[in-house]
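[1] only geometry, no sequence info:
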């Protein structure tokens with residue numbers, strides 16, 4: 001392995017020059033386990049843990065290594081290593097962690113292209129694609145929609161047209177891992193040093209797609225349920241996979257819950273048609289509900305904008321607004337707690 005084949009580029013080289021840890025080795029996180037990481041480097045493969053200092057200084061999960069990260073580490077012998085630092089990320093696909101905790105989970109870091117894999121069976125869902133696209137645009141990587149299992153769909157052309165109505169400017173590739181249809185078109189994204197993350201629901205066929213790209217059956221695959229078309233988790237953890245012909249695939253477990261995380265930038269790119277209409281509204285602060293002169297409501301009434309897409313836009317917009325309010329509240333409480341500690345220290349000093 002050499003750094004370029006692992007995805008090293010000028011961006012990371014510039015970040016490395018700014019680091020003070022000159023005695024460390026550069027490597028890339030290939031997989032994450034419980035408190036341990038598999039790291040690929042030019043000198044080999046290592047099982048690594050983070051230093052106590054890095055763990056102590058971490059304020060959230062974002063401060064720990066994620067799959068795809070470039071890290072600075074020192075070898076400890078017998079294939080063991082200690083991660084001393086993380087280089088700044090060029091891109092990252094994040095979601096909110098499951099449950100009520102308002103915290104970020106980095107699904108994939110330093111990716112060039114995101115394959116949003118969707119199955120052309122009963123599980124086909126445009127609204128879910130809009131959610132994935134919103135997070136993909138916000139990640140800094142380029143989204144590509146892969147419509148898998150064309151062998152199960154009687155109207156592939158119709159499905160592609162449906163997707164194109166909600167994915168403006170995004171390449172859409174219908175493929176079949178059974179017949180091999182369309183797979184050759186995906187090779188354009190798999191050049192040396194480029195990282196592609198595969199994201200999608202359970203049963204979309206991500207692991208089967210990885211196997212076709214590798215030409216082996218290294219990834220475990222599973223059958224989908226016939227009654228609803230949903231699949232079971234076969235990939236259990238995120239993992240970097242080096243392709244024989246060049247390029248890196250980042251396989252991920254299927255996601256049944258995908259909560260938004262990030263700014264409104266991704267929403268702007270996903271719903272470019274609605275934002276273009278909003279620019280024509282009479283009032284600049286129009287909320288597109290019942291205001292006079294609203295171009296969005298006019299398009300909805302005239303049939304130029306579907307009710308389902310309008311509802312999806314408002315739903316995702318509300319989620320981001322709620323997330324922002326919650327995040328600001330947490331920042332306020334953390335800052336308040338910090339100043340309480342400072343004032344407590346001052347009072348103790350004055351008593352002494």
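    Sure, I can see it. Just so we're clear, the structure is a prediction, and the values are computed from it rather than from any experiment.

[2] make it CA atoms for all contacts and neighbour counts henceforth
    OK.

[3] what about residue 320, which helix or strand?
    helix 307-351 (DSSP states H and E).

[4] average pLDDT across that helix?
    If you average the pLDDT over helix 307-351, you get 68.

[5] so the residue sitting nearest the centre point of the chain: helix, strand or coil?
    Against the mean C-alpha coordinate of the chain, by C-alpha atoms, centre = their mean, the closest residue is residue 93 at 2.4 Å. Following DSSP: H, G, I helix; E, B strand; the rest coil, we place residue 93 in the strand state.

[6] thought residue 142 was touching it, still the case?
    No - contact status for residue 93 versus residue 142: not in contact, 10.8 Å apart, counting by C-alpha atoms under 8 Å.

[7] common neighbours of these two, please.
    Residues touching both residue 93 and residue 142 (C-alpha atoms under 8 Å, 6 or more residues apart in numbering) are residue 136.

[8] how does this structure divide into domains?
    Using automatic domain parsing, the domain parsing of the chain gives 10-86, 92-251, 271-352.

[9] what about the longest one, distance to the chain center?
    Same thing as domain 92-251. Its chain's C-alpha centre and that of domain 92-251 lie 11 Å apart, by C-alpha atoms, centre = their mean, to the nearest Å.

[10] show the end-to-end separation of it, please.
    End-to-end distance of domain 92-251 (C-alpha to C-alpha, to the nearest Å): 14 Å.

[11] ditto for stretch 140-155
    In stretch 140-155, first residue to last residue: 33 Å (C-alpha to C-alpha).

[12] mind listing what's buried in it?
    The neighbour-count check on stretch 140-155 (16 or more other C-alpha atoms under 10 Å) flags 140, 141, 142, 143, 144, 145, 146, 147, 148, 149, 150, 151 as buried.

[13] so the first one touches residue 91, yeah?
    Yes - the pair formed by residue 140 and residue 91 meets the contact definition of C-alpha under 8 Å, at 5.0 Å.

[14] most packed of the domains of the chain?
    Counting by mean count of other C-alpha atoms under 10 Å, domain 92-251 has the highest mean neighbour count of the domains of the chain, with a mean of 19.

[15] where do the helices sit along this structure?
    For the chain, applying DSSP state H gives helices covering 10-17, 52-57, 126-139, 156-164, 206-214, 265-270, 272-278, 295-302, 307-351.

[16] and those helices as CSV, adding distance to residue 82?
    Formatted as CSV, those follow (distance: least, C-alpha to C-alpha, whole Å):
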stretch, distance to residue 82
helix 10-17, 17
helix 52-57, 10
helix 126-139, 28
helix 156-164, 45
helix 206-214, 30
helix 265-270, 35
helix 272-278, 45
helix 295-302, 54
helix 307-351, 30
